[in-house]
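Asker: Give me a model of this one.
(chains A and B)
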Amino acid sequence: KNEVEQSPQNLTAQEGEFITINCSYSVGISALHWLQQHPGGGIVSLFMLSSGKKKHGRLIATINIQEKHSSLHITASHPRDSAVYICAVRRVEDDKVIFGPGTSLSVIP
Amino acid sequence: EAQVTQNPRYLITVTGKKLTVTCSQNMNHEYMSWYRQDPGLGLRQIYYSMNVEVTDKGDVPEGYKVSRKEKRNFPLILESPSPNQTSLYFCASSGTSGRGNNNEQFFGPGTRLTVL
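Answerer: Below you'll find the predicted structure:
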């Protein structure tokens, strides 16, 4: 069983829809990251969470430490949101970073 | 501008020819890391460094070396590259080696390596 799992693996949405991507992990962590990767390869950090909730524009990220679960929400989705979204955690025991498999999002006009 | 730079961005080489991929950050970050990304396998950590002269193996360290002689630089060395090291490599840095809300990761642009 992977230490970091994401769901769904693939997601197609109509423009304007509310989108949720989930991440669950099985290890103790010091931080959780949400990353975005567009076709062409560059990786952008969207959020770093160690507790609670963060909001940036149309993006909201939450984390529940007790349940070992995080969600990334996109409100009013737009075709430019089409990308792969990756959850990554930093293990508290050794500071290693473990990545989820990614969620491929396609937003259709 | 705060950034992580990597060089080269693209490299085609042959089996056994030693190479170095450089990584540099200008944010005075303690934590630096190298990752590789492969289709179907996702991102995996190769090596990381908590501070100068401190390096640790990630999940896939075989065939790689790193050094951290200065805080800003973290080169990745392939002493004898092999075709299975063909991959997309990313360097990243973050602000603290501990907990807290300030250790966001900043990624370099990536280095696409092909080993023939």
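Asker: CA only for contacts and neighbour counts going forward, please
Answerer: Fine.
Asker: near chain B, which residues of chain A show up?
Answerer: With the criterion set to CA under 8 Å from any CA of the partner chain, chain A comes near chain B through A:30-31, A:33, A:41-45, A:47-50, A:95-102.
Asker: Below-threshold pLDDT in chain B: ranges please.
Answerer: B:96-102 (pLDDT under 70).
Asker: and the longest strand for it?
Answerer: If you go by DSSP state E, chain B has its longest strand at strand B:42-51.
Asker: Provide the partner residues of the residue lying closest to residue B:85 once chain neighbours are set aside in its beta bridges.
Answerer: Sequence neighbours aside, residue B:115 is the residue nearest to residue B:85 in space, at 6.8 Å (criterion: CA to CA, 6 or more residues apart in numbering or on different chains). Beta bridges link residue B:115 to residue B:13 when assigned by DSSP bridges.
Asker: Was I right to think residue B:115 contacts residue B:14?
Answerer: Yes: with contacts counted by CA atoms under 8 Å, residue B:115 reaches residue B:14, the gap being 5.2 Å.
Asker: Of these two, which one has the most company?
Answerer: Remark: of residue B:115 and residue B:14, residue B:115 carries more neighbours, 17 against 13, as counted by other CA atoms under 10 Å in any protein chain shown.
Asker: Would you check how far apart that one and residue B:65 are?
Answerer: Between residue B:115 and residue B:65 the computed distance is 17 Å (CA to CA, to the nearest Å).
Asker: same check, this time on residue B:16
Answerer: Taken as CA to CA, the span from residue B:16 to residue B:65 is 15 Å.
Asker: Each with direction, which strands does the helix or strand harbouring residue A:63 pair with?
Answerer: Using DSSP states H and E, residue A:63 sits in strand A:59-64. With DSSP bridges as the test, strand A:59-64 is paired with strand A:53-56 (antiparallel), strand A:69-74 (antiparallel).
Asker: Quick check: residue B:24 vs residue A:74, distance?
Answerer: On the measure of CA to CA, residue B:24 and residue A:74 end up 32 Å apart.
Asker: Strands of the chain, start to end?
Answerer: Using chain A. Under DSSP E, chain A gives strands at A:4-7, A:10-14, A:19-25, A:29-37, A:43-49, A:53-56, A:59-64, A:69-74, A:83-91, A:97-99, A:103-108.
Asker: Chain B was what I was after
Answerer: Using DSSP E, strands in chain B cover B:4-7, B:10-13, B:19-25, B:31-38, B:42-51, B:54-57, B:65-66, B:76-78, B:87-94, B:105-107, B:111-115.
Asker: export the last one as CSV, just CAs?
Answerer: This file holds the C-alpha atoms of strand B:111-115, laid out as CSV (Å, rounded to 0.1, in the frame of the first residue of the first chain):
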residue,chain,number,x,y,z
THR,B,111,16.5,18.8,-16.4
ARG,B,112,15.5,16.3,-19.1
LEU,B,113,18.3,13.7,-19.2
THR,B,114,18.7,11.0,-21.9
VAL,B,115,21.4,8.4,-21.5
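Asker: That one packs against which elements?
Answerer: Here strand B:111-115 touches strand B:10-13, strand B:87-94, going by 3 or more CA pairs under 8 Å, 6 or more residues apart in numbering or on different chains; DSSP states H and E.
Asker: same deal with the fourth one?
Answerer: On a contact count with 3+ CA pairs under 8 Å, 6+ apart, strand B:31-38 meets strand B:42-51, strand B:87-94.
Asker: What of the fifth one?
Answerer: In terms of contact count using 3+ CA pairs under 8 Å, 6+ apart, strand B:42-51 is assigned the packing partners strand A:97-99, strand B:31-38, strand B:54-57.
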